[in-house]
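# I need the structure of the sequence given here:
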Amino acid sequence: MIIQAELKCKQTGCEADPCAVDKVIELPSPRFRQFSRALLADYDFIAENKNAIRHDDDARHCLLILDAEGTDGFLIDPQGHNYARYSAFVPNARSLLTPDMGIDRSYLSSAEPWRDESRDEMLRMTLRVDGKPDYTLVLPADEEYLDAVKAYLDIDVFADAMLCDIRFKVPYIGELIRDMDCPAVEDYNDFAEALEDIWQKDGMLLSYAAVLEAEQPDTLCGACELLRNLDNYQRITEGVYGYGQQRLQETLGLDDDGIAELEGFMDFEKYGQLCLENDGVVITEFGRLRRLEPPFSEQEQGMRMM
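Numbering: from 1, shown residues only. Predicted coordinates:
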C-alpha cells in the first residue's frame, strides 16, 4: 500500500486545528501538481473564492483543493490573500467528502496545454501573468501549442506576459547570446527551431559557439541568422600542420595518397601557418574559426585574438 504523506523529523507532538471546509474546488491534474509545487504563487481559483471563506471561533474555515484525477487534496486558508498562506496536505481527501458537499468544477475547462513531447527541448522559460499560475513554456513549439498557451493564460499576445528564468539546454550557448532588446516569444521560438536543426550533428554546437564568440551578435535575431548560415564558417579542429595539409588538398585537388607522397618534401607546418593568416582565421575559446565569405579582416582578427 502506498500513501502520500508529509513526514516530519522527530515530531514531539501534533496539535491539529479543527477545520471547516467552506468550498471544494477541483483542478485539472497537471494544474494541481503545479499548485502543489508552488503553494505561495498567486492563483485565480484562490483569488475568486477567498471571500467564500467564513470566519468564526469554532474552527478554521478553508477551501479544499482536489486533484480531478486523484484522491488527494490541500486545505488552504488564504487569509484574504491570493495564495495559500496556510495550507495542509490531506491524503485521500476525496474520501472525506459527504454527499451534501458540492464541488466547483468550473476550473476544469481550461486544462493546461501539452506540447509535442517528441521534439527536443532547446530552451524553456517561465511566463508570468497577473492572476494566473506561472507557466513553463518549452521551445521549439508549433502554432497550435502556442495558441493553446495564450488561451490558457487568457492573453491575446505573448507581449502581455512577463518572460522570466530563460534557460538554454546548452548553457554555454545561452551565455553567448547578448540581447538588450527584450526578444519576443516568437523570436525565441525561431531560434529554438534553428538550434534543433543542428542538435544531432557532430561538432555543430561547438562550431556555433565559436561563431557567436567571434561575431558577437547584438540581438537574438542576429544570433539566429548566424545559426541559419553556419555553412559559411569552418571550425578548424586540426593543428597548424593538419590545416596546411587540408588547404593544400583543397587548392590542388589532391587526395590523401597525393598528400602522403608530399611528406618530406613539403613543410606543412609553415604552409598551414601561412594559410591561417591568409584565410583570416580567428581564435576563439572553442577553437580556430574561418569565415568563408567574406574572410575576417585583419582588424577583426586582432580584436578577437587579444
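# what's the burial count for D154?
By the criterion of other Cβ atoms under 10 Å, D154 has 12 neighbours. Every C-beta, even on glycine, is put in place using the N, C-alpha and C of the backbone.
# and stretch 147-158, how far apart are its ends?
Its start and end residues considered, stretch 147-158 measures 10 Å (Cα to Cα, to the nearest Å).
# Buried residues in it, which are they?
Residues A148, V149, K150, Y152, L153, F158 are the ones in stretch 147-158 that count as buried (16 or more other Cβ atoms under 10 Å).
# closest to E175 among those residues?
F158 (24.0 Å; Cβ to Cβ).
# which phi and psi does that closest one have?
Phi and psi for F158, reported as degrees, to the nearest 10, are phi -70, psi -20.
# pLDDT value on it, please?
Listed pLDDT for F158 reads 94.
# Quickly find the element holding T136.
strand 135-139 (DSSP states H and E).
# got the angle for the next helix or strand after that strand vs strand 135-139?
For strand 135-139, the succeeding helix or strand toward the C-terminus, using DSSP H and E, is helix 143-153. Angle between the axes of helix 143-153 and strand 135-139 is 170 degrees (criterion: axes from the mean of the first three to the mean of the last three Cα atoms, to 10 degrees).
# from now on call the first residue 32
I'll keep to 32 as the first residue from here, and by that count the last item is helix 174-184.
# quick one: helix 174-184 to chain centroid distance?
17 Å (Cα atoms, centre = their mean, to the nearest Å).
# measure N309 to C40 for me?
As judged by Cβ to Cβ, to the nearest Å, N309 and C40 stand 69 Å apart.
# Same check on L97?
Distance, L97 to C40, by Cβ to Cβ: 28 Å.
# Among the two, which residue is more densely surrounded?
A count of neighbours by other Cβ under 10 Å puts L97 above the other of L97 and C40, at 22 against 4.
# Give me the nearest residue to the more buried one, chain neighbours excluded.
G104 (4.4 Å; Cβ to Cβ, 6 or more residues apart in numbering).
# surely the one you found meets L95?
Yes. The pair formed by G104 and L95 meets the contact definition of Cβ atoms under 8 Å, at 5.4 Å.
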